[in-house]
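K.L.:
okay, here's the prediction I keep looking at, along with the sequence it came from:
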Number of protein chains: 2
Amino acid sequence: MRVSAKADYAVRAAAELAAAQAEESPVKGERLAEAQDIPLQFLEHILLELKHHGIVRARRGAKGGYWLARPADEVTVAEIVRAVEGPIAHVQSTPPEDIEYRGNAAHLQEVWIAVRASLRNVLEEVTLADLVSGELPEIVGDLTSSKDAWVAR
Amino acid sequence: MRVSAKADYAVRAAAELAAAQAEESPVKGERLAEAQDIPLQFLEHILLELKHHGIVRARRGAKGGYWLARPADEVTVAEIVRAVEGPIAHVQSTPPEDIEYRGNAAHLQEVWIAVRASLRNVLEEVTLADLVSGELPEIVGDLTSSKDAWVAR
DNA sequence: CGCACTCCTGACCAAGGAGGTCAGGAAAGT
DNA sequence: ACTTTCCTGACCTCCTTGGTCAGGAGTGCG
């Protein structure tokens, strides 16, 4: 139930690309790496994965670089996380809807389904445009408004 | 963002213990392992962790076994997951409230906080008693009622 | 007491993932 | 031709996952 460095890096780099969408020229990997303090060579692997998933485009050579394949308000955080981490909220590497629980754990499946749904409610609502502008969807505001949400347990 | 086998096993075993709370004698590890089809020796390690976290108690010898340290309606799924997996929704192994994001990713922190809060909303609401009875809290019903929640993406 | 039973503990192990680095190749521009 | 930048695969170290194995220590019973 943790977020990997890769996913964190991927979202941050994508946020930079979203912000740069106005400029009509691609952004170099080096600039992304510096802006977000991410190891360059590792970042390029991540960007390649995003490219393979159709989230990002790239061109090589002088004046080359990366840019978003779609408008920033059509790319969700969920997409990016899935591109680099795989499916969200799998249990033992299988999707919760495929698991059959026995005995007194029979209803555990519904709990894991609910967990996945609640993650989706956040991650699929937030777009890169939201992230860059800081105007996050209502659900994020609701969830973060409680003081409780900001303390560890 | 996945649920480990260990966490899944731990919750299932705990559910069996919750159901057995009426019988006034401890439950053997072997019986738990068979009821939930969990490798016995692995399960005993897990039960030991739960014991160290004060969730479970145990006695050895003939007529020994495990039982819940508290009533089943006072033990949440969140507690069990934390006992075996550690803190929920950490990013790069640090809690989201301790991370400082720069540049265009500045608001990413709020997103991860919201992710954690939404997980807590589910995992801290569901108790072992809920799980065994099948009468899950309202929030779980809300989240699982949509057909959408049951399909992969 | 002695013994069977059950939990308790640490060591170990194979496979894979996390989080990178390195070296070289292939397109694009000038 | 040459530089720039992405593209790709190989490699690396450390840690986690999902276990197994061997033995020790407490508990109850005859």
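P.N.:
Received the coordinates, thanks. No experiment lies behind these values; they were computed from the predicted model shown.
K.L.:
A:Lys6 sits in which helix or strand?
P.N.:
According to DSSP states H and E, A:Lys6 maps onto helix A:5-19.
K.L.:
show me what counts as buried in that helix.
P.N.:
Neighbour counts over helix A:5-19 (16 or more other Cβ atoms under 10 Å in any protein chain shown) mark A:6-19 as buried. C-beta: built from backbone N, CA, C; applies to glycine.
K.L.:
show the end-to-end separation of stretch A:61-74, please.
P.N.:
Counting by Cα to Cα, to the nearest Å, you get 28 Å between the two ends of stretch A:61-74.
K.L.:
do me a favour and average the pLDDT over that stretch.
P.N.:
The average of the pLDDT scores along stretch A:61-74 is 98.
K.L.:
thinking again about what came up before, include distance to chain B and pLDDT when you put the buried residues of helix A:5-19 into a markdown table, please.
P.N.:
Below are the buried residues of helix A:5-19 laid out as a markdown table (distance: Cβ to the nearest Cβ, whole Å; pLDDT from 0 to 100):
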| residue | distance to chain B | pLDDT |
| --- | --- | --- |
| A:Lys6 | 9 | 98 |
| A:Ala7 | 8 | 98 |
| A:Asp8 | 5 | 98 |
| A:Tyr9 | 9 | 98 |
| A:Ala10 | 11 | 98 |
| A:Val11 | 6 | 98 |
| A:Arg12 | 4 | 98 |
| A:Ala13 | 9 | 98 |
| A:Ala14 | 9 | 98 |
| A:Ala15 | 4 | 98 |
| A:Glu16 | 5 | 98 |
| A:Leu17 | 9 | 98 |
| A:Ala18 | 7 | 98 |
| A:Ala19 | 4 | 98 |
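K.L.:
got the residues you listed as TSV, with distance to DNA strand C columns?
P.N.:
Shown next, in TSV, are the buried residues of helix A:5-19 (distance: Cβ to the nearest atom of the strand, whole Å):
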residue	distance to DNA strand C
A:Lys6	5
A:Ala7	8
A:Asp8	8
A:Tyr9	7
A:Ala10	10
A:Val11	13
A:Arg12	12
A:Ala13	13
A:Ala14	16
A:Ala15	17
A:Glu16	17
A:Leu17	18
A:Ala18	22
A:Ala19	22
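K.L.:
list just the nearest of the residues you listed to B:Leu47.
P.N.:
Of all these, the one sitting nearest B:Leu47 is A:Ala7; the distance, using Cβ to Cβ, is 32.1 Å.
K.L.:
ok, which stretches of chain A are helices?
P.N.:
When assigned using DSSP state H, the helices of chain A occupy the ranges A:5-19, A:29-36, A:40-52, A:77-85, A:108-123, A:128-133, A:138-145.
K.L.:
how many other residues sit next to the closest residue to A:Arg2 other than its chain neighbours?
P.N.:
Spatial nearest neighbour of A:Arg2, excluding adjacent residues (Cβ to Cβ, 6 or more residues apart in numbering or on different chains): B:His90 at 4.8 Å. B:His90: 19 surrounding residues under other Cβ atoms under 10 Å in any protein chain shown.
K.L.:
residues in contact with B:His90?
P.N.:
Neighbour list for B:His90: A:Arg2, A:Val3, B:Pro96 [criterion: Cβ atoms under 8 Å, 6 or more residues apart in numbering or on different chains].
K.L.:
quick check: residues of chain A near DNA strand D?
P.N.:
When proximity is defined as Cβ under 7 Å from any atom of the strand, chain A approaches DNA strand D at A:26-30, A:41, A:44-45, A:47-48, A:51-52, A:58-66, A:92-93.
K.L.:
show me which of those are buried.
P.N.:
Here, 16+ other Cβ under 10 Å leaves A:Pro26, A:Val27, A:Gly29, A:Glu44, A:Leu47, A:Ala58, A:Gly65, A:Tyr66 buried among the residues of chain A next to DNA strand D.
K.L.:
from A:His107, how far out is the second one?
P.N.:
Going back to what we said before, that points to A:Val27. In this view, A:Val27 and A:His107 are 48 Å apart by Cβ to Cβ, to the nearest Å.
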